[in-house]
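>>> Return atomic coordinates for the entry below.
(chains A and B)
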Amino acid sequence: MTTGRLRAPAALAGVAFGFWLAWTRMTDPDQILGALLLRRSYLWLLFATGVATAALGLQALRRLGVRTLAGRAAVSWPTVRPQRRHLVGGALFGIGWALAGVCPGPIAAQLGQGRWSALFTLAGLFGGIALADAVGRRRPSPVWSPCGEAQEGDVLAGNGVASQPSSP
Amino acid sequence: MSFLTQACPWPLAGFLVGLLTVALQWMDNLPLGATGAAAGFFGWARRPTAGLSWRALFFAGVIAGAALYAALTHATPAGWAYPAVDRLFGGAPLPKAVWLSVAGLFIGFGARWAGGCTSGHGICGVGRLQAGSLATTMTFVVTAVIVAQLVWRGSPL
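Okay, here's the model as predicted:
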């Protein structure tokens, strides 16, 4: 799988995501913390709708045999089985999410909105990523990258990621 | 314009982010994910000669997209304000900086270790019906709900 094509559309997708994060108030920590306290339902309803839409759309792409726009390749994604790193990483991430009321996307979007406190969370975010990569590099079983895919140019590339198409 | 200044209604918001996930997949089998994007951007910042990956461009796009929203809605920038944390420390800047940086460390390390965050695992991965993503998502949601209770229960949020 080559992921370096279609750079302008990737940037545009980022713009759409940033716009969406601001419009949905994901960049407002009070909104997130209120949801985590189970006092606001907006985030959970949005999340459920988003997952349902993504699941339906992705299954449709695969079942209809749609080819990708960039490479005319089969639509596919890796199989990611639950591992210890999912629980350890998920728990650590959950702590940070609840301490600040932001996750990585909103941190970037906050900068665009002129919420300058995001510079602190951004510094922590980059530091944490660098630390995880540094620790992961020294371990026999490496950390995997998002959605189980090896990324171009990072230390995780080529580390036994199951990337064969899991076609129906 | 008032449609934009109000928070996006949740059915539309969920539909739109699902659509974006599908669009990226259709484009080139790309996974939506802010942590990978942040890692790509940070990698580029550290070593610009390596060139801009699609992930780095996506991350830059997120900043630009939020700026576009702020410009269109004529929003007043929040600046250095961070209401929840400000209440916790009476607005003192140093504890706030430390609190947010440490939170960021947990966010960055944990998300990278798990291989994704709320977008990469939560929306894209669970949408792909990946068991690892479901395990991650359930773990961070349960953890965050518990920690939020411990830290913010007395806060008017």
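>>> burial of the closest residue to B:Thr5 other than its chain neighbours, as a residue count?
Leaving aside its chain neighbours, B:Thr5 sits nearest to B:Thr73 (4.9 Å; criterion: Cβ to Cβ, 6 or more residues apart in numbering or on different chains). C-beta: built from backbone N, CA, C; applies to glycine. In terms of burial, B:Thr73 registers 16 neighbours under the definition other Cβ atoms under 10 Å in any protein chain shown.
>>> where exactly do the helices run in chain A?
A:7-23, A:29-36, A:42-63, A:84-100, A:104-113, A:118-137 (DSSP state H).
>>> hmm, who's touching the third one?
Contact with helix A:42-63 is made by A:24-26, A:31-32, A:35, A:66, A:75-77, A:167-168, B:7, B:10-11, B:13-15, B:17-19, B:21-22, B:25-26, B:122-124, B:126-129, as judged by Cβ atoms under 8 Å, 6 or more residues apart in numbering or on different chains.
>>> Give me the distance between A:Leu99 and A:Val51.
As judged by Cβ to Cβ, to the nearest Å, A:Leu99 and A:Val51 stand 25 Å apart.
>>> typo on my end, B:Ala38
22 Å.
>>> Look at those two and report which has more neighbours.
Taking neighbours as other Cβ under 10 Å, B:Ala38 and A:Val51 compare with B:Ala38 leading, 29 against 24.
>>> Narrow the contacts of helix A:42-63 to those that are buried.
A:24-26, A:31-32, A:35, A:75-77, B:7, B:10, B:13-15, B:17-19, B:21-22, B:25-26, B:122-124, B:126-129 (16 or more other Cβ atoms under 10 Å in any protein chain shown).
>>> In chain B, which residue sits furthest out from the middle?
B:Thr49 (26.9 Å; Cα atoms, centre = their mean).
>>> Give the residue spans of the chain that score low on pLDDT.
Defaulting to chain A. For chain A, the stretches flagged by pLDDT under 70 are A:1-5, A:139-168.
>>> my bad, chain B
B:1.
>>> distance of the spatially most central residue of it from B:Thr49?
With distances taken as Cα atoms, centre = their mean, the residue of chain B nearest its centroid is B:Ala34 (6.2 Å). Distance of B:Ala34 to B:Thr49, given as Cβ to Cβ: 25 Å.
>>> the strands in chain B, which residues?
With DSSP state E as the definition, chain B shows no strands.
>>> what's near enough to touch the closest residue to B:Cys8 other than its chain neighbours?
Excluding its sequence neighbours, the residue lying closest to B:Cys8 (Cβ to Cβ, 6+ apart) is A:Trp23, at 4.5 Å. If you count contacts by Cβ under 8 Å, 6+ apart, A:Trp23 has them with B:4, B:7-8, B:13, B:69.
>>> Now intersect those residues with the helices, please.
Among those, DSSP H puts B:4, B:13, B:69 in helices.
>>> Of the residues you listed, which fall within the contact range of chain A?
Counting by Cβ under 8 Å from any Cβ of the partner chain, B:4, B:13, B:69 from these sit close to chain A.
>>> The last one: neighbour count?
It stands for B:Tyr69. 23.
>>> Roughly how far does it sit from A:Val15?
B:Tyr69 is 10 Å from A:Val15, by Cβ to Cβ.
>>> What's the separation between the residue farthest from the centre of chain B and A:Asp133?
19 Å.
>>> Next: B:Gln6.
From B:Gln6 to A:Asp133 the distance is 40 Å (Cβ to Cβ).
>>> Between these two, which is the more surrounded one?
A:Asp133 (21 against 11).
>>> Please tell me how far the more buried one sits from chain B.
Distance of A:Asp133 to chain B, given as Cβ to the nearest Cβ, to the nearest Å: 7 Å.
>>> correct me, but that residue touches B:Arg112?
Yes. With contact defined as Cβ atoms under 8 Å, A:Asp133 and B:Arg112 form a contacting pair (6.7 Å).
>>> between the ones in helices among the contacts of A:Trp23, which is nearest chain A?
B:Tyr69 (3.8 Å; Cβ to the nearest Cβ).
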